[in-house]
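> whatever this is, show me its structure:
(one chain, ligands or ions: 2)
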Amino acid sequence: MILEKIIRLVEEAGKILMEATDIEACVEEKSGRANFVTEYDKKVQDFLFQGLKEILPGAVFIGEEEESHAALPKGYAFIIDPIDGTTNFMKGYRMSCISVGLVKGGCPEIGVVYNPYQKEMFWAKKGEGAFCNGKAIRVSEHALSDGLVLVGTSPYNEELSGRSFEWAYELFTRSLDIRRSGSAALDLCSLAAGRAEFYFELILSPWDFAAGALILEEAGGTILSVEGKELTFDQKQGIVAGNSKAIEAWKELMESGVLA
Ligand code: 2AM
Ligand code: CA
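Ligands and ions are numbered 1, 2, ... in the order given. Below is the predicted model:
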């Protein structure tokens, strides 16, 4: 089974994160503010590419740490973030994951997200539900007012900071509290596991959300572009995600002009 093979490979890749030493010595800056890559990002990506090639020969690879990215094909493509939450990884903050999405014709079929620090393996297969370490997971039924809001700050795009923090403030005043994890994929899994109710980040790349989007949807949640449209996996976009009550509350805040 492809899913089981991917899970085993991703678990193995998690060891590279856990055994990493002297991380700050191998940090390089990419373009944009607070945008880093380490030798470990590249190492995990190479390890995944090698393994996934054997699992599904013929699939196209789209990985964050490549020089240039292939277009989404009609057939299978793996969309990979070798380390989501790179700044956390660099800092030893222990809140990062490996994210592997498999799409066919641009539609997600499999999503696997592994947090090696918590030893939590999230996965989903289209139409078959979402799981964490083998147990079915489900979004919560709490309203936004009884919810936690996960905030993404899009740190590589300073021009979005003002809007991000205005949203964070408005959502903070209408919920129990906000949280900021630093990993978009783990935020989506937290929603899927019913640990939080709403998440937004005004710009993300497909590898940040390809796997988490399917895990969330299979857990009964919703993920949309910030324009309220269906997600696409071939371009950067802002996203909102949550359970149905929180998504409805967000739509009302947009319509009433509280969020702009
Ligand atoms: P990374 O750690 O793989 O770089 C942090 O805000 C989360 O969003 C992380 O998942 C980070 O991915 C991603 N991210 C932050 N800013 C981004 C940007 N401008 N474009 C794409 N992804 C971004
Ligand atoms: Ca990354």
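
> assign the closest residue to ligand 2 within the stretch 101-250 of the chain to helix, strand or coil.
Nearest to ligand 2, among the residues of the stretch 101-250 of the chain, is Trp207, at 6.9 Å (C-beta to the ion). For glycine as for every other residue, the C-beta is placed from the backbone atoms N, C-alpha and C. What DSSP: H, G, I helix; E, B strand; the rest coil gives for Trp207 is helix.

> please report the distance of it from ligand 1.
7 Å (C-beta to the nearest ligand atom, to the nearest Å).

> the closest residue to that residue other than its chain neighbours and Cys26, how far apart?
Nearest residue to Trp207 in three dimensions, chain neighbours excluded: Asp81, at 4.0 Å (C-beta to C-beta, 6 or more residues apart in numbering). Remark: distance between Asp81 and Cys26 (C-beta to C-beta, to the nearest Å) = 18 Å.

> the two: which is more packed in?
Asp81 (32 against 16; other C-beta atoms under 10 Å).

> name whatever forms a beta bridge with that one.
Ser99 (DSSP bridges).

> pretty sure it contacts Gly212?
No - if you go by C-beta atoms under 8 Å, Asp81 and Gly212 don't touch, sitting 9.6 Å apart.

> anything in contact with each of these two?
Residues touching both Asp81 and Gly212 (C-beta atoms under 8 Å, 6 or more residues apart in numbering): Ser99, Ala185.

> who's in contact with stretch 71-82?
Contacts of stretch 71-82 (C-beta under 8 Å, 6+ apart): 13, 40-45, 48-49, 52, 56, 58-65, 70, 98-106, 109, 185, 206-208, 210-211, 233-234.

> counting neighbours, which of those residues end up buried?
13, 40-45, 48, 52, 56, 59-65, 98-104, 109, 185, 206-208, 210-211, 233 (16 or more other C-beta atoms under 10 Å).

> find the nearest non-adjacent residue to Gln45, please.
Pro82 is the one closest to Gln45 (C-beta to C-beta, 6+ apart), at 3.9 Å.

> number of nearby residues for the one you found?
29.

> for Glu67, see how far away the residue nearest to Trp207 is.
16 Å.

> now Ile16
When Ile16 is compared with Glu67 (using C-beta to C-beta), they lie 21 Å apart.

> next one: Gly220
38 Å.

> which one of the two has more residues nearby?
Gly220 (18 against 4).

> and the more buried one, what is it in contact with?
Arg138, Val139, Asn243, Ser244 are the contacts of Gly220 under C-beta under 8 Å, 6+ apart.

> tell me who's in contact with the residue lying closest to the third one once chain neighbours are set aside.
To tie it back to what came earlier, the one meant is Asn243. Distance criterion C-beta to C-beta, 6+ apart; nearest residue to Asn243, sequence neighbours excluded, is Val139 at 4.2 Å. For Val139, the contacting residues are Leu191, Ala192, Gly194, Leu216, Ala219, Gly220, Gly221, Gly242, Asn243, by C-beta under 8 Å, 6+ apart.
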